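K.L.:
model the following, please.
(chains A and B)
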Amino acid sequence: MDKKDKLGIDIKSIMEEETLDLTLSQKAFDNIIQHRKKSLREKIQEFINKEIEIPVAPAIIGFAVLLAVTLIPMDIFKSQNERIIDMGGSYVIIREGFEVSKK
Amino acid sequence: MKIKIKIKTLIFAVFILTLTFIWAIPTATLMIAGYLETKDSEKASLFYEKYASYPTTPSIESKYLHANSLIRSFNKFTIFLTGWGGGENTSPEDIEKAKQILMETLAEKPVKNREKDYYIKSYKMLLDILIASGDAETLQEWIAFGQKGTDERLVYTADVYDGFLHHVNGEGEAAKSIIEKYDETELKDTIFYVLKAEIALFDGKYEESEKIYDSIYKNNWRELGKSFGSGGYYRNDWFDRFMEDFKGDNVITGTVTCEGKPMPFVEIYVQEAKEGFSFYASGENYVAITDVNGEFKTLGLKDGLYSVGIGVDGSVLANKAFQGSTMQYVELNGEDGEFHLSFRNTLKIYSPEPGERLSGEEFTVSWEEIEDAAYYKVEPVVFYEPFGERGISTRIYAKDKNGEYKFTENQAVFNINMIRNNPYITVSDSDNGYLGAQAVLGIFIPGVEYPIVVNAYDENNNLITGSLPLRSYYEHIPSITAEGSLNEGENFIYRKNYPAAIEYYENILKENPDDIDALRYLTRIYGIGWKEGEQNFERAFTLGQRYTEISGNRELLTNTLGGMNISEIKENRENVYLTLKEAMKDPDFDNYYFLSRYYIAVENYEGAREALQMAENVTDNLIFLNMYFGDYKEAVESIKSERFYRSRLSSNKVKEALESLSESPPKGDELKVFNDFLLKLINSIPYNEGQNVYDETVKQISNNNIKTILDEIYLERNWDIEY
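P.N.:
Have a look, this model is predicted:
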């Protein structure tokens, strides 16, 4: 165990000594950064800061449709106007939008 | 176009949107619904329904609000034999929908206090709907449901409605025990006090009842409009009116049934017969309510002649035809009275269907068989204005292609040309008094929709049932629309440009004196007069007679001249005589009325009486003629006849007076004065002269029996009312 540690320390010291004057190119540096293992936090940060392109017109239309479907009742545009007439002593209700289908 | 957006911004936007859909949109929907409700818009219920459909809204509250918005009110459709109408007309579909929603709500388990409040409200509303729709059986089931509950307010509500049910069924002690049970508790609300006041009222404790109603009115008057499924508990003004005009010792008992089955919770109203038909602005207040057996007993009433009416929820009438009653008025004269009213289910018309178009000349009407019917009549509905807004209408019987109008079979075939060739309605424009086009062109004008009604009658000509319910939707009514078009002259008539129509058809007659359309249309235009004072009976008779010779159709002339009044007949007696001579070869029932008027015009009163005896129904004139001839017993028989439409003349007072006159007939001057009065009546007394004629007559009469008869005629003719 001790032997192993000693060897490790030696190697590290040699490496540090040999690479003391080494200068990496930006490309190599970027390459290393890009390929290193990212932490979860970094991954999330990266994701939420990602920019996406959204087509404006479909987004607005989609939102408006969703809002309309959610807010406006289906039958709202059906005319509910009613008129009551007396027909031979009977109350007859004439409902707009309920015209008799002509046969 | 595209925009760049960071995902974190997008996530924030989605969060805001979710919040919008979960909270803001339901809240906005509820606010819109509330706003529309304050504006009395029917669209409010659509927004309440939407609100209830969101998964995030409180279920019990939202369902209650939706059900509540479907019920417009519990105001009643009022039916007196002299007229009917009113009510808010919640549709049967909405009533059913509200019931279903509330039943679903009551299957839920409320936890929070707010939920519990709406649960109780839902329960109460369901019971109110069941009372309004006359469903006693289901009401009892739901009362039992509440009484088994664990929530004390639920049990209380169930008990109070149980108390109401006991009260309606005349089980006073059981109802009072419920009042005692809750009288000292904090649970009491408006319905408790309404029940307490009603029990006191029907116990004859008027002052106590009025006091309770005063207190409710001061503290919570709004609740009075929706207690026990009725809007009829605003009794504050009613007390004064009732105590002054109605309170007495005799009661009216009776039944309200449909197809022989009881109709529970029907409100019973009374009005003084002399008032005619009227609605009180605050609605009617009942003097009785039918129990689960459809039976009722009114509060004590003083002697008098009463018009009895009923109040039911409009939705109940959707499939019912009003059969009428045994009598138009109820007379209380030192003893109790009776009144029975019945409905029948409507009969079904198999053909035509709603909106049917007719390309040929003939159409068939077929209908369901009614077991006890002696005959049926087919009655097209004629709107005074054939095109445009459907307004005033009338129903006329139609003759089939064989000339019959009473059918014993379940179908009849009609020829529209035959019907057009015999126009027998007289309609006029309400604005300028111009003759309506259909009075000349006849009905089944091309392109005009004519609803078809079938009625079933018994052997005494009493209506059994009909195809048209008291409340219906226009699009459900069978109808016929003939295809084709009007020619130039007919268009003049249709547009009521009668001077142009007259010129057009007179020119045609110059070239062809036998043009059948010109003869027919001009006979009608001249005979009825296209406006007041524009009749030309001489010309109508000449053209009508020619039309009869060519077509063999006698009806046109009698139908046209049959509308003449007595003085017009007097002035044209020769022509009328010739017309009637022809018509009586094959008389129609209408011809007898025309014949009687002719005889009256020529002062042959015995002839007039004989003619009226042959007519289909007993008229006032037949009764007056019987009196005029001193045949008072026969006058009583006429009044008692099933063929006489009940009026004030049917009262026991009149019958007893006539019987007394029969035993001790008037003599001398008094008889002469009475007979002079009767002759004036027979010859028709203009309304504005009625009061004077009555005053002049009655001051010369000392015989009490004659006075009674005069008084009843005076009231029956409404001479006491100034318009």
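K.L.:
contact residues of chain A facing chain B?
P.N.:
Within chain A, the positions lying close to chain B (C-beta under 8 Å from any C-beta of the partner chain) are A:47-57, A:63, A:67, A:70-73, A:75-76, A:80, A:82, A:84-95, A:98-103. The way it works is simple: take the backbone N, C-alpha and C, and place the C-beta from them, glycine included.
K.L.:
which residues touch the residue positioned nearest the centre of chain A?
P.N.:
Centroid check for chain A by C-alpha atoms, centre = their mean gives residue A:52 as the closest residue, at 9.3 Å. The neighbourhood of residue A:52, defined by C-beta atoms under 8 Å, 6 or more residues apart in numbering or on different chains, consists of B:4, B:5, B:6, B:7, B:10.
K.L.:
phi and psi next, for it.
P.N.:
phi -120, psi 160 (degrees, to the nearest 10).
K.L.:
kindly report the same for residue B:472.
P.N.:
Dihedral angles (degrees, to the nearest 10) for residue B:472: phi -150, psi 170.
K.L.:
for it, list each beta-bridge partner.
P.N.:
Listed by DSSP bridges, the beta-bridge partners for residue B:472 are residue A:92.
K.L.:
hmm, residue A:90 and it touching each other?
P.N.:
Yes: taking C-beta atoms under 8 Å as the definition, residue B:472 is a contact partner of residue A:90 at 6.3 Å.
K.L.:
per-residue confidence for the most far-flung residue of chain A relative to its centre?
P.N.:
Seen from the C-alpha centroid of chain A, the residue lying at the greatest distance (C-alpha atoms, centre = their mean) is residue A:88, 64.4 Å away. Among the per-residue scores, residue A:88 holds a pLDDT of 72.
K.L.:
swap in residue B:275?
P.N.:
What the model reports as pLDDT for residue B:275 is 57.
K.L.:
just to revisit the earlier point, the contacts of residue A:52 into a markdown table, with extra columns for pLDDT, distance to chain A and secondary structure?
P.N.:
Written out in a markdown table, the entries for the contacts of residue A:52 read as follows (pLDDT from 0 to 100; distance: C-beta to the nearest C-beta, whole Å; DSSP: H, G, I helix; E, B strand; the rest coil):
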| residue | pLDDT | distance to chain A | secondary structure |
| --- | --- | --- | --- |
| B:4 | 88 | 5 | strand |
| B:5 | 88 | 6 | strand |
| B:6 | 90 | 5 | strand |
| B:7 | 90 | 5 | helix |
| B:10 | 89 | 7 | helix |
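K.L.:
what is the burial count for the one residue in the stretch 301-450 of chain B that gets nearest to chain A?
P.N.:
Ranking the residues of the stretch 301-450 of chain B by distance to chain A (C-beta to the nearest C-beta) places residue B:355 first, at 3.3 Å. Neighbour count of residue B:355, defined by other C-beta atoms under 10 Å in any protein chain shown: 17.
K.L.:
could you do the one 3 residues further on as well?
P.N.:
Under the neighbour criterion other C-beta under 10 Å, residue B:358 is assigned a count of 18.
K.L.:
excluding sequence neighbours, find me the nearest residue to it.
P.N.:
Distances taken as C-beta to C-beta, 6 or more residues apart in numbering or on different chains place residue B:482 nearest to residue B:358, at 4.9 Å, with adjacent residues excluded.
K.L.:
and if you look at residue B:432?
P.N.:
If you skip the residues right next to it in sequence, residue B:432 has residue B:531 as its closest partner in space, 7.2 Å away by C-beta to C-beta, 6+ apart.
K.L.:
returning to that earlier point: could I get the pLDDT score of the residue nearest to residue B:358?
P.N.:
Here the pLDDT value assigned to residue B:482 is 93.
K.L.:
residues contacting it?
P.N.:
When contacts are counted by C-beta under 8 Å, 6+ apart, residue B:482 is found next to B:357, B:358, B:416, B:444, B:445, B:446, B:447, B:448.
K.L.:
let's go with 10 Å and repeat that
P.N.:
Residues touching residue B:482, when contacts are defined by C-beta atoms under 10 Å, 6 or more residues apart in numbering or on different chains, comprise B:357-361, B:363, B:416-417, B:419-420, B:443-450.
K.L.:
ditto for residue B:218
P.N.:
residue B:236.
K.L.:
repeat for residue B:303
P.N.:
Residues counted as contacts of residue B:303 (C-beta under 10 Å, 6+ apart) are B:248, B:249, B:250, B:331, B:332, B:333, B:334, B:335.
K.L.:
may I ask which of these has the most neighbours?
P.N.:
Most neighbours among the contacts of residue B:303, by other C-beta under 10 Å: residue B:332, with 21 neighbours.
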